[in-house]
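1. the following block contains a protein sequence and its predicted model.
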There are 2 protein chains.
Amino acid sequence: MSVTLKEVALAAGVSTAAVSKVLHGRGSSIRVSPERARLIRETAERLSYYPNALARGLRGSRTHTVGLIFENFGDISTGPLYLSQLLGGVGTKLFPNHYRLTILPELPHDDVLGAIADGQIEGVIWCKLARDERTQQQIRNCPIPIVALNAGRPEALCGPVYVNCDNEAGIELAVEHLWNLGHRKILFVNELQEVTTPDCILRREAFLDSMAKRGVDATGDTRVWEWNLYEFRDMWASGEPYTAILGWTERAASVILERAAEMGVRVPEDLSVVGFDSTPFCESTTPKLTAVKQPIFDMAQHAAGVLLELTQGQRPANDSVIFPCTLDVRDSTTIPSQR
Amino acid sequence: MSVTLKEVALAAGVSTAAVSKVLHGRGSSIRVSPERARLIRETAERLSYYPNALARGLRGSRTHTVGLIFENFGDISTGPLYLSQLLGGVGTKLFPNHYRLTILPELPHDDVLGAIADGQIEGVIWCKLARDERTQQQIRNCPIPIVALNAGRPEALCGPVYVNCDNEAGIELAVEHLWNLGHRKILFVNELQEVTTPDCILRREAFLDSMAKRGVDATGDTRVWEWNLYEFRDMWASGEPYTAILGWTERAASVILERAAEMGVRVPEDLSVVGFDSTPFCESTTPKLTAVKQPIFDMAQHAAGVLLELTQGQRPANDSVIFPCTLDVRDSTTIPSQR
DNA sequence: TGCGATTGATTAATCGTTCAATTGAAACGG
DNA sequence: CCGTTTCAATTGAACGATTAATCAATCGCA
């Protein structure tokens, strides 16, 4: 089907080694006469020869590809802007360096290493990398470098390079904002189902710490939320005097806005709401959502840069990096009122 | 570094052929006794062996990877929601079939074929595929199937399968909407610089046709817009009696909104604005943007499905598919007023 | 018993490159 | 004139898998 090196060599009447050297040889050891080199180049052009990356990769050179693991990739609810900013950041680093990005399909946990270690990718950016023992096991056996993005606190284990935002400081900003407005009874809303995503665990703990710092034991004030109207209605109807809700993502917070609207609960008059990961989407909610902002574009760009260094065999200058968060105050928060 | 088939064979005391057959053999020709098979499987597990995809691909089996060409990938201004919906659609088709998606870096036009034909990908989804002679040449030489997405009208050439929305009908919807409101002098805004993107050309022509159908020669009423304030100011100040602007993308229209705001031009009172490609972003502009909607998620999903069929060597049931458009009327259009 | 068919397993060629080792010839120095 | 160096070019062994071809042993059956 495709034209091979051998065919070019045959057509030009030279050895395959000569063709290989001329077309891809490292500068130093080119032992081919100029006229021969020209002939080879012309023949390759004429036959429209393109080198087979699989063969080159197999022989030991690079594949110029890095992988991306991103759970629930197709699920727009993850936050489409989060994803495109992440991809944009990764891309601006990879593409100018002639690297491609492969998005790995979601796999049963046992098969992940098989997909990573199959020789196709030189390294992997692993988003929301879990901390369970089985995953840790796989990471230890992984033959290529891993950069963990948005995967909790770095010091919990050695191995991958971690890139994240300062979740604790971000949550503290949100709590401080609410506290200063006068809120004392605040509900923290986790992800759906079990709480297993590292950043969700981290933000939850940070919330408890921030409240404890202010003398409040908020242990009972976190919820695994099922995103349905009944949960919200029960919570609201039970008369628990929450005046503010802090969602672990922008999406979590925006669903709360929807539920509140359905229940006729006014935001921010009756209830203040804060999200995490401020994107332009927060501008389009009603009311506009106050949210913590993490610099995901920069984080992703940095992660890609570190990964490239690692694939070159360099130890990166600084191991793991934590980016600062800021708070974008919009219209979903105000001083609490008595119900 | 990684464990190879050979090492597994050695450790188990069998031939490499036996290992290969047991671990990956097609159901029919497995000629290995059960106890041996078990031994082999156990050994592979114990040594944590993972097959090398490069070697397998080289030998002739599939790479289970398809490529995506998307110009200006890192440029968020392309419309981040357009991109994530596209990726979501492609992903939902590919991933359940255990295919991966590789995003190819932007390349000088001459090198594109080299990247496509290097054996790493089985097929490619080429967004905004250009129609110039050089690109056509490359396509003819391409050894793997191509599906063109958002790349103009199918019948212009044979070869790739085309997936697109009905640009003409979409533009007609927009023009009809404006016309019915009473607008007669409408400006169409193309992309930056030269007009080369196939869909932009198509939409421009559709605009001229829709106007001509209503007895208006709009030949002079299209602009290559440089997105700067001066252009808009000049247009506005020159007293050209445009009462409505139709942008070739959602982004083009939203920039017009920004310029209008900077100039103190009121939308929609002084000027009606319509965009193409209605996304949730259109909800966050001020005022909310009226726009034509193309079902990009479905289009992308279909494109991926067709590509998978093509890589299996099947001729897809229907060659090229055109998806219908709808119009999302929001707050940026109203009846024209006299200035 | 003898012969073909079947089963279980191995050998070796192959995919398209790269590159260390090798060859052959020309140039050079004494 | 011969041994050594330099240069140009080739040979052939990997890389890690797949698989057609081959082989040896066993089985079935007339």
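-> Happy to help now that I have it.
2. what are the boundaries of the helices in the stretch 101-250 of chain A?
-> A:112-116, A:133-141, A:167-181, A:198-213, A:229-237, A:250-263 (DSSP state H, counting those that start in this stretch).
3. does stretch A:93-101 come close to DNA strand C?
-> No. Applying CB under 7 Å from any atom of the strand, one finds stretch A:93-101 separated from DNA strand C by no less than 14.5 Å. Where C-beta positions appear, they are placed from N, C-alpha and C, glycine not excepted.
4. can you tell me the centre-most residue of chain A?
-> In chain A, the residue lying closest to the centroid (CA atoms, centre = their mean) is A:Cys127, at 4.1 Å.
5. what sits against A:Val3?
-> A:Val3 makes contacts with A:Leu47, A:Ser48, A:Tyr49, A:Tyr50, as judged by CB atoms under 8 Å, 6 or more residues apart in numbering or on different chains.
6. look up phi and psi at A:Gln312.
-> With angles defined as degrees, to the nearest 10, A:Gln312 sits at phi -80, psi 0.
7. distance of it from chain B?
-> From A:Gln312 across to chain B, the span is 16 Å (CB to the nearest CB, to the nearest Å).
8. for B:Asn190, which of the helices of the stretch 101-250 of chain A is the nearest?
-> Closest of the helices of the stretch 101-250 of chain A to B:Asn190 is helix A:250-263, at 34.3 Å (criterion: CB to CB).
9. report the buried residues of the closest one.
-> Going by neighbour count (16 or more other CB atoms under 10 Å in any protein chain shown), the buried part of helix A:250-263 is A:Glu250, A:Arg251, A:Ala252, A:Ala253, A:Ser254, A:Val255, A:Ile256, A:Leu257, A:Arg259, A:Ala260.
10. quick one on the thing from earlier: want to throw the contacts of A:Val3 into TSV with pLDDT and secondary structure?
-> Formatted as TSV, these follow (pLDDT from 0 to 100; DSSP: H, G, I helix; E, B strand; the rest coil):
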residue	pLDDT	secondary structure
A:Leu47	93	coil
A:Ser48	91	coil
A:Tyr49	94	coil
A:Tyr50	94	coil
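11. closest to DNA strand D among the buried residues of helix A:250-263?
-> Closest approach to DNA strand D among the buried residues of helix A:250-263 (CB to the nearest atom of the strand): A:Arg251, at 40.5 Å.
12. still on that earlier bit, just the contacts of A:Val3 that are near DNA strand C?
-> Restricting those to those near DNA strand C by CB under 7 Å from any atom of the strand leaves A:Tyr49, A:Tyr50.
13. related to what we said a few turns ago, who's in contact with the residue nearest to the centre of chain A?
-> Neighbour list for A:Cys127: A:Leu68, A:Ile69, A:Phe70, A:Glu71, A:Leu86, A:Ala148, A:Leu149, A:Asn150, A:Ala151 [criterion: CB under 8 Å, 6+ apart].
14. please list only the buried members of the residues you listed.
-> Judged by 16+ other CB under 10 Å, buried ones among these: A:Leu68, A:Ile69, A:Phe70, A:Leu86, A:Ala148, A:Leu149, A:Asn150, A:Ala151.
15. for the third one, which non-adjacent residue is spatially closest?
-> It refers to A:Phe70. Among residues not flanking A:Phe70 along the chain, A:Cys127 sits closest, at 4.8 Å (CB to CB, 6 or more residues apart in numbering or on different chains).
16. and the second one, by the same measure?
-> Of all residues not flanking A:Ile69 in the chain, A:Trp126 sits nearest, at 4.6 Å (CB to CB, 6+ apart).
17. for the last one, same thing?
-> Of all residues not flanking A:Ala151 in the chain, A:Leu129 sits nearest, at 3.8 Å (CB to CB, 6+ apart).
18. which residues touch the one you found?
-> Contacts of A:Leu129 (CB under 8 Å, 6+ apart): A:Ile69, A:Thr135, A:Ile139, A:Ile146, A:Ala148, A:Leu149, A:Ala151, A:Gly152, A:Pro160, A:Pro198.
19. now these as a markdown table including distance to DNA strand D and pLDDT?
-> Output for the contacts of A:Leu129, formatted as a markdown table (distance: CB to the nearest atom of the strand, whole Å; pLDDT from 0 to 100):
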| residue | distance to DNA strand D | pLDDT |
| --- | --- | --- |
| A:Ile69 | 21 | 94 |
| A:Thr135 | 23 | 84 |
| A:Ile139 | 20 | 86 |
| A:Ile146 | 20 | 94 |
| A:Ala148 | 26 | 94 |
| A:Leu149 | 29 | 96 |
| A:Ala151 | 29 | 92 |
| A:Gly152 | 33 | 90 |
| A:Pro160 | 23 | 88 |
| A:Pro198 | 32 | 92 |
